[in-house]
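# turn this into a structure:
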Amino acid sequence: MSVYPQIRTSADLLKSTIRIEALIPFLQQQKAEACAIVNSKLYGLLPFWHAMKEANIHPVIGLTVRVQFSEDVHLPVILYAQNNEGYAHLLKISSSIAIRKEETLPFRWLAGYASGCIAVLPLLDEQAIWLLHTNEPHAHDLKALFGNRLFVGISRKGQPEVEEGLAINLSEKIACPIMAIHESTFLEENDHFAYEVARAIDTGVKIGESLSYKSQHQYVLTNDRWQQYFSDRLEWLQQTRQVLISCQVTLEISNTYMPRFPVEPGQTAEQLLSSHVLSGLHSRLGEQIPQVYMERMQYELGVICSMGYADYFLIVEDFMRFAKESNILTGPGRGSSASSLVAYALQITQVDPLQYDLLFERFLNPQRVSLPDIDIDFVDTRRQEVIQYVAKKYGKQYVAQIITIGTLSAKAVARDVARMFNFDSETLEKISKMIPNKQGTTLQDAYAQSEKLRAWIIEEPMRGRWFETALKLEGLPRNSSTHAAGVVLSPVPLVEVVPIEDGHDDIYLTQWPMQEVEQSGLLKMDFLGLRNLTILEQMRNSIQFTHQIAIDFNKIPFQDDNTFALLQAGDTSGIFQLESDGMRQALREIKPTQFLDIVAVNALYRPGPMDFIPVYARRKHRQEPVIMPHAALEPILRETYGVIVYQEQIMRIANVLAGFSIGEADLLRRAVSKKKREVLEQQRVNFIAGAKKQGYDEKTADEVYELIVRFADYGFPKSHAVAYSVISYQMAYLKANFPVNFYAALLTNATGNHEKLAQILMEAKMKGIVILPPSIQKSGRHFKVENGQIRFSLSAIKNVPQPFLQKLMAVRDVRNEPFEDIFDLAISLSAAVFNRKVIEPLIKAGALDDFGKDRGVLLATIEAALKQAEIVRPNEDEDLFSASVLAFGKPKHVQVEPIPEKMKLQFEKDVLGFYLSEHPLSKVRKTMQPAVTTQHLKQIRANSYIKFLGIVEDIRVIRTKKGEQMAFVELQDEFGSLSATLFPKEFETVKQGLAVDSFAFVEGYVETRFGKLQLKVKQIKIQA
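Coordinates of the predicted model:
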């Protein structure tokens, strides 16, 4: 039997390549009795613990630390948790180290946490032995602190005997037993090179001609190697075993750490919640609350309070109130929490669950105890403010964001390893192109699918080694970052439950990711940033400014004719959840006439259920009869025309037909969706028995049960569909009634994505909305509404940095009058801000056309304007309005020939990514035969013969197996782009004249390849 005292795992972020899933079989093969994890933080602890327990190997929790005795002296120490007190202290030690910049542990701190821990002085090599030998007094300090819980660890990795003699001598001087240790950072001997590459990626130091062989022995030893290394000192091995086996920690998590809401003395959270809910319902429904609402309220409060969740609801209500008071827009609800009347009364959600028959048990089921999970959507730019409010209210020690661990994906590992191999940038680019971007693609997948990649690897031995190394490192944890949503709030200091580290904005970060945090019994809350809420808020602010109308999203009319006309037409680009081509087609088919139609289409538009969209549409429009599976189901399925769409309908069916309580029906829904045969049969028996008691015959019960089984996978939570459809409707309402404000906000949020910007601009223009050109006098950093038109944003111009725009806006605010000309602009900004690199793209985009000069003249005058600024106002400190400024006369503009129209348009495309003032095709189209545009392609059937006019964007020439040349050409028109294939015969006719930016009139057959439309060209004409 063997024990392993010093295993670092791959969770220690590129400090090891040992994966748990590979380590376990190795340890089992060696009949390992115990194994200790000794990472530099407590990363990966719980997965290690559970994997070892499952493999019947005794897990030991350890930590490798550097103890600081003075400014210059840091000694390495391995700490093991001997018992639960020691484990609690390791949580604090790991946290203490992680929040210090030096990442060391001061000796005085160690003194406070030593109880319950075993310490080992790891003498792994000559350097460590000499370091400790020369700092012997500190070894005595450790002995005084730990007593008989201090050991000297000796490793046999080829140290000279004289050094080992020093180590033995030291152990005698401080009266410490010796134990055998061996640091393991990679699994097998031949993994050494890959480990060194991982370290190089971590440190950024490239692999040189010669590797560091200091670490070459750090593989995991076999049992035979252990015996061989310490054959003359078997008692050291026995000592190691005794130390590890003596470490007895229990990690069975039974506690749930439910946070507490501060209440007045003599008051309980339950009492406070009840009073808040009642006053909230009065606020929602008026003085007279209907009986059905009172009953539902009392039922929900009973469940919430009996489960001990009153504090949680008060906490969520409190930070939602803060968001509202701070004008931070929140979503109407998300997930199953929208089915809670209590959440609705507390203004946590904005969906009335009784109005939509949403079932509370889908959220909290008294028959299946689980933690409540209220996910909240916030404007993504202000979400952090709410998290900071929570941290401030409950205390920094009690609140943390959750860590997320990034891994080396196929593309990332290929590039990272290539960099360490000193491959040049061109090779790096080539590698990137050979590995698909598709999520989940592995290096093995890329190798199997790409003949080009295989051939490239075979060409040189170094490439083979690169690929072999990348394969070994693929999927390893690489870096840590902050989870997009997760926040934990604890009733006790977090370090008593999980290790923490420094985060952002003075808020701690857990060292464990989401799943492990939840395993620890902590309550996780999701604060999600939703970009569409940001867009909605921008639209609301814009409408307030232009129309003097204060939009309250919770009071938007849900029967607006304009909105339903827009939805029926499928005019939903830019609308949350509804903008895909398939969704737009579904809307055109269903033609929504009420809000519940939007809910249904949101729930149905998924693989599987979408097959029922035509059925729903035909039945809605009375083109086919509505057939109910059974008359008793009519009240449940009436709103979806006999089609089971929602999970809640399945629960209602079990409730009505089989007499299940709603809680039992929820358990049935969950069980059936797992499709386990024995569970299905058991539930069938229960269902039929229940149905018989309700007076239904066995045949009917069996048929309905089959229906439940069939739809269990298809069913979508109605609560989530309703809540998110509210956002869809709100956006559709604004698009239908305030289109200019809608498109301005959409354009602002698409800034940086030139293709998306061009699409939105084209759609806005087709709606008759005028797009005003960028203006140095009037444009802002965002697209804005100006007299019912949209003024182009300066941020959308390439190479114009935000700091420059901030300076420009500040100068405009101070001046409060337009710039007279380019010289006035230069002086106003100062020579320190005004420069060719920034001004040239502004001129090319037309932003300086306000000055009434040709763009060519303005480009030629930049240097003269800069020189004038250098003389008059070299920096911003010079007073713009001083008399000295006025003493200088203005130079004249440099006169040059006007820029040709074609060049002017090309300049626009260069700095915007598209043509703004006019598309070059507009004039050419008038002189050519009629041709379809990319806008019409979606309506054209595959294999149709079409004529198309476009500008050549890209040409890729290849050779066929016969050695003939052919080409793939990317063509662009005013509305989008189209890929065209020119086979050898067609390519030969135009290859001399075919060039980027030339006009191409093509004819051919349309086909779909890889989900995209392509054109097989039969005829082509080129015009320069």
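# now for residue 864: which residues touch it?
823, 891-894 (Cβ atoms under 8 Å, 6 or more residues apart in numbering). For every residue, glycine as well, the C-beta is placed using N, CA and C.
# can you give me the strands for the stretch 51-200 of the chain?
58-68, 74-81, 105-106, 117-123, 150-154, 178-180 (DSSP state E, counting those that start in this stretch).
# would you turn those strands into CSV with mean pLDDT and distance to residue 731?
Shown next, in CSV, are the strands of the stretch 51-200 of the chain (pLDDT from 0 to 100; distance: least, Cβ to Cβ, whole Å):
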stretch, mean pLDDT, distance to residue 731
strand 58-68, 96, 51
strand 74-81, 94, 53
strand 105-106, 94, 53
strand 117-123, 93, 57
strand 150-154, 93, 63
strand 178-180, 94, 66
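# output those as CSV; include the columns distance to residue 482.
Formatted as CSV, the strands of the stretch 51-200 of the chain follow (distance: least, Cβ to Cβ, whole Å):
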stretch, distance to residue 482
strand 58-68, 23
strand 74-81, 28
strand 105-106, 25
strand 117-123, 30
strand 150-154, 36
strand 178-180, 39
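# mind putting those into TSV with mean neighbour count?
Formatted as TSV, those follow (neighbours: other Cβ atoms under 10 Å):
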stretch	mean neighbour count
strand 58-68	22
strand 74-81	22
strand 105-106	19
strand 117-123	26
strand 150-154	25
strand 178-180	23
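# closest one to residue 816 among those strands?
strand 105-106 (57.9 Å; Cβ to Cβ).
# for the spatially most central residue of the chain, grab phi and psi.
Closest residue to the average C-alpha location of the chain: residue 484 at 5.8 Å, with Cα atoms, centre = their mean. In terms of degrees, to the nearest 10, the main-chain angles of residue 484 are phi -60, psi -20.
# if I look at it, how far off is residue 839?
38 Å (Cβ to Cβ, to the nearest Å).
# in the one helix or strand residue 871 maps to, what's buried?
Element membership for residue 871, per DSSP states H and E: helix 855-872. For helix 855-872, the neighbour count (16 or more other Cβ atoms under 10 Å) marks 855-862, 864-866, 868-870, 872 as buried.
# what's near enough to touch residue 175?
Residue 175 touches residue 143, counting by Cβ under 8 Å, 6+ apart.
# an error on my part: the question was meant for residue 666.
Residue 666 touches 359, 361-362, 365, 367-368, 651, counting by Cβ under 8 Å, 6+ apart.
# list the contacts for the residue nearest to the centre of the chain?
Neighbours of residue 484 in contact, by Cβ under 8 Å, 6+ apart: 404, 528-529.
# ok, residue 10 next?
16-20, 44, 476-477.
# hang on, the earlier thing: any idea of the mean pLDDT in the helix holding residue 871?
What helix 855-872 shows for mean pLDDT is 93.
# which SSE is residue 400 in?
strand 399-407.
# could you give the mean pLDDT of that strand?
Strand 399-407 comes out at a mean pLDDT of 95.
# ditto for stretch 423-431
86.
# so where's the longest helix in this structure?
helix 718-737 (DSSP state H).
# pull out the buried positions in that helix.
718-737.
# so where's this structure shaky on pLDDT?
1, 158-163, 208-213, 878-889, 1010-1011, 1024 (pLDDT under 70).
# what about residue 900, neighbour count?
For residue 900, the neighbour count with other Cβ atoms under 10 Å is 10.
# what are the phi and psi values at it?
phi -60, psi 150.
# in the stretch 101-250 of the chain, which spans are helices?
Under the criterion DSSP state H, counting those that start in this stretch, the stretch 101-250 of the chain contains helices at 107-113, 126-134, 136-146, 161-173, 192-203, 223-229, 234-246.
# adding mean neighbour count and distance to residue 275, write those helices out as CSV.
Shown next, in CSV, are those (neighbours: other Cβ atoms under 10 Å; distance: least, Cβ to Cβ, whole Å):
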stretch, mean neighbour count, distance to residue 275
helix 107-113, 16, 44
helix 126-134, 16, 64
helix 136-146, 16, 54
helix 161-173, 15, 67
helix 192-203, 20, 55
helix 223-229, 15, 67
helix 234-246, 17, 54
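# dump the ones you listed to CSV, plus distance to residue 932.
Listed next are the helices of the stretch 101-250 of the chain as CSV, based on distance: least, Cβ to Cβ, whole Å:
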stretch, distance to residue 932
helix 107-113, 74
helix 126-134, 74
helix 136-146, 81
helix 161-173, 82
helix 192-203, 50
helix 223-229, 73
helix 234-246, 75
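# nearest to residue 748, out of those helices?
Using Cβ to Cβ, the nearest of these to residue 748 is helix 192-203, at 37.8 Å.
# perfect, that will be all.
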